[in-house]
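> Give me a model of this one.
(one chain, ligands or ions: 2)
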Amino acid sequence: MTRLPVILSKGQSRNPEKRGLEEAVAAQLAEHDQLDVIVMPHVYDLTPQSEGYQALSQIAGDFVIISWLYSRSCHWVLDRNGIRGNVGDVLLSQTQDDALDDDDELEDELDDDKTRVISQLALPDRKIYSLEFGSSDAPADFVDEVLRIAAQADLMQWIEGKANQEMLERFLEPVNDTAIGVHDALPVLGQAGVTEVQDQGMRRWYPVIDFSRCTNCMECIDFCLFGVYGVDKADTILVDQPDNCRKGCPACSRVCPENAIVFPQHKTPAIAGAPVDAGALKIDLSMLFGAPDAQNAAARERDEQLMLAGRAPVGTAGETESEKADFANISMDRRQPVAQSTNSDRLDSLIDDLDALDL
Ligand code: SF4
Ligand code: SF4
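Ligands and ions are numbered 1, 2, ... in the order given. Reported below is the predicted structural model:
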(Lines give C-alpha, C1' and ligand atoms only; values in the text may rest on other atoms or scores of the structure.)
(Ligands and ions follow the chains in the order given, each with its own letter.)
Protein backbone atom coordinates (compact mmCIF):
# COMPACT_ATOMS: atom_id res chain seq x y z
CA MET A 1 0.00 0.00 0.00
CA THR A 2 1.31 3.45 -0.90
CA ARG A 3 0.92 5.70 2.11
CA LEU A 4 0.24 9.29 1.16
CA PRO A 5 1.20 12.06 3.60
CA VAL A 6 -1.38 14.85 3.80
CA ILE A 7 -0.22 18.09 5.41
CA LEU A 8 -2.77 20.51 6.82
CA SER A 9 -1.28 23.98 7.18
CA LYS A 10 -3.40 25.95 9.65
CA GLY A 11 -4.33 29.56 8.98
CA GLN A 12 -3.05 32.57 10.88
CA SER A 13 -6.40 33.81 12.15
CA ARG A 14 -8.49 32.46 15.02
CA ASN A 15 -11.64 32.45 12.96
CA PRO A 16 -13.72 29.61 14.45
CA GLU A 17 -15.17 28.65 11.07
CA LYS A 18 -11.70 28.23 9.63
CA ARG A 19 -10.52 26.25 12.66
CA GLY A 20 -13.61 24.09 12.41
CA LEU A 21 -12.98 23.31 8.74
CA GLU A 22 -9.36 22.40 9.43
CA GLU A 23 -10.35 20.07 12.27
CA ALA A 24 -13.14 18.42 10.31
CA VAL A 25 -10.92 17.82 7.27
CA ALA A 26 -8.16 16.36 9.46
CA ALA A 27 -10.59 14.11 11.27
CA GLN A 28 -12.22 12.80 8.10
CA LEU A 29 -8.88 12.20 6.37
CA ALA A 30 -7.69 10.26 9.42
CA GLU A 31 -10.43 7.71 8.84
CA HIS A 32 -8.50 6.43 5.81
CA ASP A 33 -5.68 4.03 6.59
CA GLN A 34 -3.55 4.87 3.59
CA LEU A 35 -3.24 8.54 4.61
CA ASP A 36 -0.76 10.00 7.10
CA VAL A 37 -2.33 13.22 8.35
CA ILE A 38 0.01 15.88 9.75
CA VAL A 39 -1.32 19.18 11.07
CA MET A 40 1.10 22.09 11.42
CA PRO A 41 1.16 25.87 11.75
CA HIS A 42 0.99 28.08 8.67
CA VAL A 43 3.86 27.03 6.41
CA TYR A 44 4.48 30.63 5.33
CA ASP A 45 5.34 31.64 8.90
CA LEU A 46 7.64 28.73 9.74
CA THR A 47 11.38 28.92 9.14
CA PRO A 48 13.33 26.14 7.44
CA GLN A 49 14.74 25.22 10.87
CA SER A 50 11.30 24.78 12.43
CA GLU A 51 9.87 21.49 13.59
CA GLY A 52 7.28 21.73 10.81
CA TYR A 53 9.82 21.93 8.02
CA GLN A 54 11.95 19.26 9.68
CA ALA A 55 8.89 16.99 9.47
CA LEU A 56 8.30 17.92 5.83
CA SER A 57 11.92 17.23 4.97
CA GLN A 58 11.44 13.62 6.10
CA ILE A 59 8.91 13.02 3.30
CA ALA A 60 10.74 11.65 0.28
CA GLY A 61 7.85 10.98 -2.10
CA ASP A 62 4.62 12.62 -3.23
CA PHE A 63 2.50 14.43 -0.70
CA VAL A 64 -0.59 16.61 -0.47
CA ILE A 65 -0.72 19.93 1.34
CA ILE A 66 -3.90 21.84 2.15
CA SER A 67 -3.37 25.47 3.14
CA TRP A 68 -5.11 28.84 3.16
CA LEU A 69 -2.72 30.02 0.45
CA TYR A 70 -3.30 29.94 -3.26
CA SER A 71 -1.95 26.72 -4.71
CA ARG A 72 0.83 28.43 -6.67
CA SER A 73 1.91 30.43 -3.62
CA CYS A 74 1.98 27.41 -1.38
CA HIS A 75 4.14 25.46 -3.82
CA TRP A 76 6.77 28.19 -4.02
CA VAL A 77 6.66 28.92 -0.28
CA LEU A 78 7.63 25.29 0.25
CA ASP A 79 10.32 25.62 -2.41
CA ARG A 80 11.75 28.72 -0.73
CA ASN A 81 12.01 26.72 2.48
CA GLY A 82 13.75 23.76 0.89
CA ILE A 83 10.80 21.44 0.19
CA ARG A 84 10.89 20.88 -3.54
CA GLY A 85 9.04 18.85 -6.14
CA ASN A 86 6.96 19.08 -9.28
CA VAL A 87 3.46 20.58 -9.28
CA GLY A 88 0.77 17.91 -9.03
CA ASP A 89 -2.52 18.61 -10.82
CA VAL A 90 -5.54 19.15 -8.59
CA LEU A 91 -9.24 19.22 -9.47
CA LEU A 92 -10.44 21.17 -6.43
CA SER A 93 -9.73 24.87 -6.79
CA GLN A 94 -11.02 28.26 -5.67
CA THR A 95 -11.35 29.03 -9.36
CA GLN A 96 -13.23 25.92 -10.40
CA ASP A 97 -13.41 26.82 -14.06
CA ASP A 98 -9.67 26.78 -14.27
CA ALA A 99 -8.91 23.68 -12.26
CA LEU A 100 -6.52 21.47 -14.19
CA ASP A 101 -6.65 23.90 -17.11
CA ASP A 102 -4.43 26.33 -15.22
CA ASP A 103 -1.24 24.63 -16.28
CA ASP A 104 -2.32 24.60 -19.90
CA GLU A 105 -3.17 28.28 -19.80
CA LEU A 106 0.07 29.08 -18.03
CA GLU A 107 2.06 27.13 -20.57
CA ASP A 108 0.26 28.90 -23.39
CA GLU A 109 0.91 32.23 -21.76
CA LEU A 110 4.59 31.46 -21.30
CA ASP A 111 5.02 29.95 -24.74
CA ASP A 112 7.96 32.14 -25.73
CA ASP A 113 11.68 31.99 -26.20
CA LYS A 114 12.61 32.97 -22.68
CA THR A 115 14.45 30.52 -20.48
CA ARG A 116 12.73 30.03 -17.14
CA VAL A 117 14.75 29.32 -14.02
CA ILE A 118 12.74 26.15 -13.36
CA SER A 119 14.37 24.51 -16.38
CA GLN A 120 17.69 24.73 -14.56
CA LEU A 121 16.48 23.47 -11.20
CA ALA A 122 17.25 19.91 -10.16
CA LEU A 123 13.84 19.07 -8.71
CA PRO A 124 13.31 15.72 -7.00
CA ASP A 125 11.21 13.22 -8.94
CA ARG A 126 8.02 13.61 -6.93
CA LYS A 127 4.82 15.61 -6.99
CA ILE A 128 3.46 18.05 -4.47
CA TYR A 129 -0.31 18.48 -4.64
CA SER A 130 -1.38 21.81 -3.21
CA LEU A 131 -5.03 22.23 -2.27
CA GLU A 132 -6.66 25.45 -1.08
CA PHE A 133 -8.87 25.51 2.02
CA GLY A 134 -10.65 28.40 0.35
CA SER A 135 -12.00 26.15 -2.40
CA SER A 136 -14.80 24.56 -0.33
CA ASP A 137 -16.43 24.65 3.08
CA ALA A 138 -17.38 20.97 2.81
CA PRO A 139 -14.76 18.68 4.40
CA ALA A 140 -15.84 15.76 2.23
CA ASP A 141 -14.72 17.66 -0.89
CA PHE A 142 -11.15 17.64 0.38
CA VAL A 143 -11.35 13.97 1.35
CA ASP A 144 -12.64 13.05 -2.10
CA GLU A 145 -9.86 14.97 -3.82
CA VAL A 146 -7.14 13.51 -1.59
CA LEU A 147 -8.44 9.98 -2.23
CA ARG A 148 -8.48 10.67 -5.96
CA ILE A 149 -4.84 11.75 -5.75
CA ALA A 150 -3.95 8.72 -3.62
CA ALA A 151 -5.61 6.40 -6.13
CA GLN A 152 -3.75 8.10 -8.96
CA ALA A 153 -0.47 7.60 -7.10
CA ASP A 154 -1.33 3.93 -6.72
CA LEU A 155 -1.99 3.66 -10.44
CA MET A 156 1.39 5.20 -11.24
CA GLN A 157 3.02 2.65 -8.96
CA TRP A 158 1.12 -0.06 -10.82
CA ILE A 159 2.22 1.25 -14.21
CA GLU A 160 5.81 1.33 -13.00
CA GLY A 161 5.49 -2.27 -11.79
CA LYS A 162 5.70 -1.37 -8.10
CA ALA A 163 2.08 -1.88 -7.07
CA ASN A 164 0.04 -4.83 -5.88
CA GLN A 165 -3.51 -6.02 -6.58
CA GLU A 166 -4.90 -4.16 -3.57
CA MET A 167 -3.67 -0.85 -4.98
CA LEU A 168 -5.32 -1.42 -8.32
CA GLU A 169 -8.61 -2.40 -6.68
CA ARG A 170 -8.54 0.78 -4.64
CA PHE A 171 -7.91 2.80 -7.77
CA LEU A 172 -10.94 1.23 -9.42
CA GLU A 173 -13.21 2.02 -6.47
CA PRO A 174 -15.32 5.19 -6.90
CA VAL A 175 -14.11 7.85 -4.46
CA ASN A 176 -17.67 8.88 -3.59
CA ASP A 177 -18.56 5.56 -2.00
CA THR A 178 -20.70 5.35 1.10
CA ALA A 179 -17.74 4.93 3.44
CA ILE A 180 -16.56 8.43 2.64
CA GLY A 181 -19.96 9.87 3.32
CA VAL A 182 -20.22 8.52 6.87
CA HIS A 183 -18.93 11.27 9.15
CA ASP A 184 -21.47 11.29 11.96
CA ALA A 185 -19.07 10.50 14.79
CA LEU A 186 -15.97 12.46 13.86
CA PRO A 187 -12.74 12.02 15.77
CA VAL A 188 -11.03 15.17 16.97
CA LEU A 189 -7.51 16.48 16.55
CA GLY A 190 -4.96 14.78 18.77
CA GLN A 191 -6.67 11.44 18.28
CA ALA A 192 -4.84 8.53 16.64
CA GLY A 193 -4.37 9.07 12.94
CA VAL A 194 -3.52 12.77 13.16
CA THR A 195 -0.04 13.99 14.05
CA GLU A 196 0.14 17.61 15.13
CA VAL A 197 3.32 19.68 14.93
CA GLN A 198 3.05 22.20 17.71
CA ASP A 199 5.74 24.80 17.04
CA GLN A 200 4.33 28.25 16.53
CA GLY A 201 5.90 30.50 13.96
CA MET A 202 5.96 34.26 14.20
CA ARG A 203 3.97 36.06 11.52
CA ARG A 204 6.28 36.79 8.62
CA TRP A 205 6.16 38.86 5.41
CA TYR A 206 8.42 38.08 2.49
CA PRO A 207 8.28 37.50 -1.26
CA VAL A 208 8.47 34.10 -2.87
CA ILE A 209 9.60 33.54 -6.45
CA ASP A 210 7.66 31.38 -8.87
CA PHE A 211 10.57 29.87 -10.79
CA SER A 212 8.26 28.50 -13.45
CA ARG A 213 7.88 32.13 -14.56
CA CYS A 214 11.14 33.79 -13.42
CA THR A 215 13.69 34.52 -16.16
CA ASN A 216 16.50 35.58 -13.80
CA CYS A 217 16.38 39.11 -15.22
CA MET A 218 17.50 40.65 -11.87
CA GLU A 219 14.98 43.51 -11.93
CA CYS A 220 13.96 42.64 -8.37
CA ILE A 221 17.46 42.62 -6.87
CA ASP A 222 18.16 45.94 -8.59
CA PHE A 223 14.95 47.42 -7.25
CA CYS A 224 14.88 46.28 -3.62
CA LEU A 225 16.93 48.50 -1.34
CA PHE A 226 16.47 46.33 1.73
CA GLY A 227 18.79 43.48 0.79
CA VAL A 228 16.07 40.86 0.49
CA TYR A 229 17.26 39.35 -2.76
CA GLY A 230 20.56 37.67 -3.52
CA VAL A 231 22.06 35.20 -5.95
CA ASP A 232 23.31 31.67 -5.46
CA LYS A 233 26.61 30.25 -6.68
CA ALA A 234 25.15 29.79 -10.16
CA ASP A 235 24.12 33.48 -10.20
CA THR A 236 20.43 32.58 -9.95
CA ILE A 237 18.11 34.94 -8.12
CA LEU A 238 16.87 33.90 -4.69
CA VAL A 239 15.09 35.40 -1.71
CA ASP A 240 18.17 35.52 0.45
CA GLN A 241 17.10 37.52 3.51
CA PRO A 242 13.30 37.18 3.61
CA ASP A 243 12.88 38.83 6.98
CA ASN A 244 14.50 42.03 5.70
CA CYS A 245 11.33 42.64 3.68
CA ARG A 246 9.11 45.50 4.87
CA LYS A 247 5.81 44.22 6.23
CA GLY A 248 2.91 45.01 3.93
CA CYS A 249 5.12 46.20 1.08
CA PRO A 250 4.58 44.34 -2.20
CA ALA A 251 6.58 46.80 -4.33
CA CYS A 252 8.92 44.44 -6.12
CA SER A 253 6.04 42.24 -7.29
CA ARG A 254 4.99 45.15 -9.48
CA VAL A 255 8.39 45.56 -11.13
CA CYS A 256 8.79 41.90 -12.01
CA PRO A 257 8.05 41.69 -15.74
CA GLU A 258 7.01 38.04 -15.47
CA ASN A 259 4.58 38.22 -12.54
CA ALA A 260 6.93 35.77 -10.83
CA ILE A 261 7.03 37.45 -7.40
CA VAL A 262 4.25 36.49 -5.03
CA PHE A 263 3.33 37.90 -1.63
CA PRO A 264 1.10 35.09 -0.38
CA GLN A 265 -0.59 37.17 2.35
CA HIS A 266 -1.36 40.23 0.22
CA LYS A 267 -5.04 41.18 -0.05
CA THR A 268 -4.91 41.57 -3.84
CA PRO A 269 -5.40 38.10 -5.30
CA ALA A 270 -3.14 38.73 -8.28
CA ILE A 271 -0.24 39.62 -5.97
CA ALA A 272 -1.07 36.77 -3.58
CA GLY A 273 -0.66 34.19 -6.34
CA ALA A 274 -4.20 33.72 -7.68
CA PRO A 275 -4.63 32.65 -11.29
CA VAL A 276 -5.57 36.13 -12.45
CA ASP A 277 -7.22 35.16 -15.70
CA ALA A 278 -9.75 32.97 -13.93
CA GLY A 279 -13.50 33.40 -14.18
CA ALA A 280 -14.72 36.97 -14.11
CA LEU A 281 -11.37 38.37 -13.01
CA LYS A 282 -9.83 39.28 -16.35
CA ILE A 283 -6.72 41.35 -15.88
CA ASP A 284 -4.13 42.63 -18.27
CA LEU A 285 -1.03 41.48 -16.46
CA SER A 286 1.17 43.73 -18.52
CA MET A 287 -0.59 46.63 -16.79
CA LEU A 288 -0.15 45.22 -13.32
CA PHE A 289 3.33 43.77 -13.41
CA GLY A 290 6.52 45.05 -14.96
CA ALA A 291 4.96 47.85 -17.02
CA PRO A 292 6.19 51.46 -16.64
CA ASP A 293 3.08 52.41 -14.65
CA ALA A 294 3.73 49.54 -12.30
CA GLN A 295 7.36 50.64 -11.93
CA ASN A 296 6.26 54.04 -10.69
CA ALA A 297 3.64 52.60 -8.33
CA ALA A 298 6.30 50.26 -6.98
CA ALA A 299 8.80 53.10 -6.56
CA ARG A 300 6.23 55.07 -4.56
CA GLU A 301 5.61 52.06 -2.31
CA ARG A 302 9.34 51.57 -1.85
CA ASP A 303 9.78 55.24 -0.95
CA GLU A 304 7.15 54.89 1.76
CA GLN A 305 9.07 52.00 3.24
CA LEU A 306 12.39 53.82 2.98
CA MET A 307 10.96 56.78 4.88
CA LEU A 308 9.38 54.52 7.50
CA ALA A 309 12.83 53.01 7.97
CA GLY A 310 14.31 56.50 8.40
CA ARG A 311 16.02 56.48 5.04
CA ALA A 312 15.91 58.92 2.13
CA PRO A 313 13.34 58.27 -0.59
CA VAL A 314 14.56 57.57 -4.10
CA GLY A 315 11.59 58.81 -6.12
CA THR A 316 9.81 57.35 -9.09
CA ALA A 317 11.26 56.66 -12.48
CA GLY A 318 9.93 60.08 -13.44
CA GLU A 319 8.01 61.55 -16.34
CA THR A 320 10.61 63.76 -18.01
CA GLU A 321 13.98 62.76 -19.45
CA SER A 322 15.68 64.72 -16.68
CA GLU A 323 13.71 62.95 -13.95
CA LYS A 324 14.48 59.58 -15.50
CA ALA A 325 18.18 60.41 -15.59
CA ASP A 326 18.09 61.52 -11.94
CA PHE A 327 16.31 58.34 -10.97
CA ALA A 328 18.84 56.17 -12.78
CA ASN A 329 21.73 58.00 -11.12
CA ILE A 330 20.55 58.09 -7.55
CA SER A 331 18.57 54.91 -7.21
CA MET A 332 20.97 52.03 -7.64
CA ASP A 333 23.61 50.43 -9.71
CA ARG A 334 21.07 48.98 -12.12
CA ARG A 335 21.68 45.92 -14.26
CA GLN A 336 18.65 46.77 -16.44
CA PRO A 337 17.66 50.02 -18.18
CA VAL A 338 15.00 52.18 -16.53
CA ALA A 339 11.62 51.62 -18.18
CA GLN A 340 9.72 54.43 -19.88
CA SER A 341 7.00 55.99 -17.77
CA THR A 342 3.44 56.67 -18.94
CA ASN A 343 0.13 57.07 -17.16
CA SER A 344 0.49 55.83 -13.58
CA ASP A 345 -3.11 56.63 -12.68
CA ARG A 346 -4.38 53.74 -14.77
CA LEU A 347 -2.41 51.29 -12.65
CA ASP A 348 -3.59 52.79 -9.37
CA SER A 349 -7.14 52.51 -10.63
CA LEU A 350 -6.60 48.90 -11.66
CA ILE A 351 -5.14 48.00 -8.28
CA ASP A 352 -8.04 49.72 -6.51
CA ASP A 353 -10.49 47.73 -8.64
CA LEU A 354 -8.74 44.51 -7.70
CA ASP A 355 -8.75 45.34 -4.01
CA ALA A 356 -12.45 46.18 -4.22
CA LEU A 357 -13.18 42.69 -5.55
CA ASP A 358 -11.82 41.28 -2.24
CA LEU A 359 -11.76 37.73 -3.56
S1 SF4 B 1 12.24 40.42 -11.49
FE2 SF4 B 1 10.98 38.59 -11.64
S3 SF4 B 1 11.73 37.48 -13.43
FE4 SF4 B 1 13.29 38.99 -12.89
S5 SF4 B 1 14.71 37.85 -11.52
FE6 SF4 B 1 13.22 38.87 -10.19
S7 SF4 B 1 11.62 37.31 -9.90
FE8 SF4 B 1 12.81 36.66 -11.66
S1 SF4 C 1 8.52 44.31 -0.99
FE2 SF4 C 1 9.95 46.01 -0.82
S3 SF4 C 1 11.33 45.44 0.86
FE4 SF4 C 1 10.22 43.59 0.28
S5 SF4 C 1 11.55 42.55 -1.15
FE6 SF4 C 1 10.17 43.80 -2.37
S7 SF4 C 1 11.19 45.77 -2.67
FE8 SF4 C 1 12.27 44.67 -1.04
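> residues in contact with Leu121?
Contact analysis of Leu121 by CB atoms under 8 Å, 6 or more residues apart in numbering lists 84, 211. The C-beta positions use only the backbone N, C-alpha and C, and glycine is treated the same way.
> Repeat that for the one 4 residues further on.
For Asp125, the residues meeting the contact criterion (CB under 8 Å, 6+ apart) are Asn86.
> what pLDDT does it get?
pLDDT, Asp125: 92.
> quick one: it is in a strand?
No - secondary structure assignment places Asp125 outside any strand; it is coil (DSSP: H, G, I helix; E, B strand; the rest coil).
> Report the separation between it and ligand 1.
25 Å (CB to the nearest ligand atom, to the nearest Å).
> Now do the same for the nearest residue to Ala312 once chain neighbours are set aside: its pLDDT.
Once flanking residues are discounted, Ala312 sits nearest to Leu306: 6.7 Å by CB to CB, 6 or more residues apart in numbering. Here the pLDDT value assigned to Leu306 is 87.
> secondary structure class for Leu306?
Going by three-state DSSP: Leu306 is helix.
> Check which residues of stretch 19-28 are buried.
Buried residues in stretch 19-28, counted by 16 or more other CB atoms under 10 Å: 21-28.
> likewise stretch 219-231?
For stretch 219-231, by 16+ other CB under 10 Å, it's 219-226, 228-229.
> which pair in those residues spans the largest distance?
Longest distance between any two of the buried residues of stretch 219-231 is 15.2 Å, between Glu219 and Phe226; criterion CB to CB.
> Inside strands: which ones of the buried residues of stretch 219-231?
Tyr229 (DSSP state E).
> Filtering the buried residues of stretch 219-231 by proximity to ligand 1, which remain?
Among the buried residues of stretch 219-231, the residues that sit close to ligand 1 (CB under 6 Å from any ligand atom) are 219-220.
> pLDDT for the buried residues of stretch 219-231 - can I get that in a markdown table?
Output for the buried residues of stretch 219-231, formatted as a markdown table (pLDDT from 0 to 100):
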| residue | pLDDT |
| --- | --- |
| Glu219 | 94 |
| Cys220 | 95 |
| Ile221 | 95 |
| Asp222 | 92 |
| Phe223 | 92 |
| Cys224 | 93 |
| Leu225 | 90 |
| Phe226 | 93 |
| Val228 | 96 |
| Tyr229 | 97 |
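> Gln54: which of the buried residues of stretch 219-231 is nearest?
Val228 (24.6 Å).
> if I pick the closest one, what's in contact with it?
So Val228 contacts 206-207, 239-242, 244-245, 252 (CB under 8 Å, 6+ apart).
> Let's see which of those residues end up in strands.
Val239.
> By neighbours, which of the contacts of Val228 wins?
Neighbour counts for these (other CB atoms under 10 Å) peak at Pro207, which has 26 neighbours.
> any idea how far that one lies from ligand 2?
5 Å.
> Let me know whether that residue touches Val255 as I believe.
No - using CB atoms under 8 Å, Pro207 makes no contact with Val255, being 11.3 Å away.
> Mutual contacts of those two, please.
Contacts common to Pro207 and Val255, judged by CB under 8 Å, 6+ apart, are Cys220.
> wait, doesn't Glu258 sit right on Ser212?
No - because the distance of 9.6 Å does not satisfy CB under 8 Å, Glu258 is recorded as not touching Ser212.
> Find the least confident helix or strand in this structure, judged by mean pLDDT.
helix 178-181 (a mean of 32; mean pLDDT, DSSP states H and E).
> which element follows that helix toward the C-terminus?
strand 194-196 (DSSP states H and E).
> model confidence over that following strand, on average?
Mean predicted confidence for strand 194-196 is 88.
> and the closest residue to Pro242 other than its chain neighbours, backbone torsions?
Take Pro242 and drop its neighbours on the chain: the residue closest to it by CB to CB, 6+ apart is Tyr206, 3.3 Å away. Phi and psi for Tyr206, reported as degrees, to the nearest 10, are phi -160, psi 160.
> Tell me who's in contact with Tyr206.
By CB under 8 Å, 6+ apart, the neighbours of Tyr206 are 228, 239, 242-243, 245, 263.
> Tell me the residues of the stretch 101-250 of the chain that contact ligand 1?
Counting by CB under 6 Å from any ligand atom, the stretch 101-250 of the chain sits next to ligand 1 at 209, 214-220, 237.
> what do you get if the cut-off is 5 Å, keeping everything else the same?
209, 214-215, 217, 219-220, 237 (CB under 5 Å from any ligand atom).
> could you dump the residues you listed to JSON lines with secondary structure and distance to Gln94?
Output for these, formatted as JSON lines (DSSP: H, G, I helix; E, B strand; the rest coil; distance: CB to CB, whole Å):
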{"residue": "Ile209", "secondary structure": "strand", "distance to Gln94": "22"}
{"residue": "Cys214", "secondary structure": "coil", "distance to Gln94": "24"}
{"residue": "Thr215", "secondary structure": "coil", "distance to Gln94": "27"}
{"residue": "Cys217", "secondary structure": "coil", "distance to Gln94": "30"}
{"residue": "Glu219", "secondary structure": "helix", "distance to Gln94": "29"}
{"residue": "Cys220", "secondary structure": "helix", "distance to Gln94": "27"}
{"residue": "Ile237", "secondary structure": "strand", "distance to Gln94": "28"}
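> Can you pull out the low-pLDDT segments for the stretch 51-200 of the chain?
95-111, 154-192 (pLDDT under 70).
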